[in-house]
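Trainee: Please find the sequence and the predicted model below.
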Amino acid sequence: MTDRDDSIEERAQMNTVEPRLTDSNADKTSTTIQDIRSQPAVWQSTLDTLNENDQYLRECLRGMEKAEVVLTGCGTSYYLPLTAASFYTRFARGRARGVPASDIITFPETVFAADQDYLLVAISRSGKTPETIDAARYVKEVLGGRTLALTCTPESLLSRTCDQTIVAPAAAEQGRFMTRSYTTMLLVWQVLVAQKTGNDTLAQELSMLPQHAERILREFEPQLEELAHEGHFTQYIYLGQGPFYGLAAESMLKIKEMACTCSEAYHSMELMHGPKYAVDDKALVTLLLSDTAREQEMQMLQKVKGLRAATKVICESASTEISSTADYLIELRSGLSEHARLPLYMLVTQLYGYHRAVALGKKVD
């Protein structure tokens, strides 16, 4: 049965705060850069709405521990589940997977096992992605599983299809690319998991993300814009291990969508197992450095230097080794744990993707 009486999508509409740009000199002609710069305000608005609807969120999490959680979507909304599933397993200690919706509707027998309960989390910014809606219908009607929609569009077909819906309407972009919708829906999932597990420390860290996002956008956009205009790169490679791989994949997509340039994403250490042979001095390798795999990832990055590629590292803080190895360095300095600060990495890669597109003369909007 669909829960409508006390749904967060209805309350979210009443509690939506119009995003404010953090830079008063923002390019008024580009909706894409305004979407990117608006994320601190959108995150804060969404956090406020989630806090006011904690009872409904608990209902959405009901029975989650008894089921395998399958998160699905298409494009950006598929890369989000790759990170969200890792996050869930880390904190809830339950089984979770990110699966493209197209696999569910074409090869369901390879996704779902017999005699297993499932909760499908269907993610779509518009709420009208055909494959995602069909995947939700399959789980609900064929498997008899529960379905939860995560979207930015109230009263969408997806929300009418699923048992329950969580909507973040303030995150819907003005432009065509998913930027703030990706990070905001990831943040919503992080809050849900923190609430499910009663992890007050994690919840407190997540509440601090908007203020760190505002600082990062302000501090690093000039540097990233300069790099985007000076760079001679024709190939982009994004690397991330564990929960960072989903972020790397989404960063790869942003370069392809905005700058229309060849880009790839790998689990960090997989680069050295074959893909390294395609790397040359025209490549920019961006590592989303984790705390957990820091030592192994830095060993890998030292090898990348031997391939003549330029290297960019996005990390929490840099050691002497990192500073001497990276050609370009972004230190987030958030003071947050690596799982809490996941959305902050995307601000950096989104900014670079936008400014690289502008540098190449692409019509981003």
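Mentor: Right, received. Where do you want to start?
Trainee: remind me which residues of this structure are low pLDDT?
Mentor: Applying pLDDT under 70 to the chain flags residues 1-28.
Trainee: After the one helix or strand residue 186 maps to, heading C-terminal, what element do we hit next?
Mentor: Using DSSP states H and E, residue 186 falls within helix 180-197. Using DSSP H and E, the next helix or strand after helix 180-197 towards the C-terminus is helix 200-207.
Trainee: which of the residues in that next one are buried?
Mentor: Neighbour counts using 16 or more other CB atoms under 10 Å place 202-203, 205-207 of helix 200-207 among the buried residues. Placement of C-beta: from N, CA and C, glycine included.
Trainee: Return the residue of the protein that is most distant from the centre.
Mentor: In the chain, residue 115 marks the outermost C-alpha relative to the chain mean, sitting 31.5 Å out by CA atoms, centre = their mean.
Trainee: residues contacting that one?
Mentor: Not one residue lies near residue 115 by CB atoms under 8 Å, 6 or more residues apart in numbering.
Trainee: and it, which of the three is it?
Mentor: Per DSSP: H, G, I helix; E, B strand; the rest coil, the secondary structure class of residue 115 is coil.
Trainee: one step back: the helix holding residue 186 - contacts with which helices or strands?
Mentor: helix 39-52, helix 54-60, helix 76-92, strand 146-151, helix 200-207, helix 342-359 (3 or more CB pairs under 8 Å, 6 or more residues apart in numbering; DSSP states H and E).
Trainee: residue contacts, the nearest residue in space to residue 208 that is not next to it in sequence?
Mentor: Counting by CB to CB, 6 or more residues apart in numbering, the nearest residue to residue 208 once its immediate chain neighbours are dropped is residue 336, at 6.7 Å. Under the criterion of CB under 8 Å, 6+ apart, the neighbours of residue 336 are 205, 208-209, 212, 316, 344.
Trainee: how much space is there between residue 336 and residue 152?
Mentor: Taking CB to CB, to the nearest Å as the measure, residue 336 falls 25 Å from residue 152.
Trainee: and what of residue 287?
Mentor: Residue 287 is 30 Å from residue 152, by CB to CB.
Trainee: does the residue nearest to residue 208 sit in a helix or strand, and which one?
Mentor: Here residue 336 is assigned to no helix or strand, by DSSP H and E.
Trainee: Angles on the backbone of it, please.
Mentor: phi -100, psi 160 (degrees, to the nearest 10).
Trainee: Serialize the helices and strands packed on helix 180-197 to a markdown table and add fields for distance to residue 259.
Mentor: Shown next, in a markdown table, are these (distance: least, CB to CB, whole Å):
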| stretch | distance to residue 259 |
| --- | --- |
| helix 39-52 | 20 |
| helix 54-60 | 37 |
| helix 76-92 | 16 |
| strand 146-151 | 27 |
| helix 200-207 | 31 |
| helix 342-359 | 4 |
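Trainee: phi, psi of residue 234?
Mentor: phi -120, psi 0.
Trainee: Who's the closest spatial neighbour of it, skipping the chain neighbours?
Mentor: Spatial nearest neighbour of residue 234, chain neighbours left out: residue 282 (4.6 Å); criterion: CB to CB, 6+ apart.
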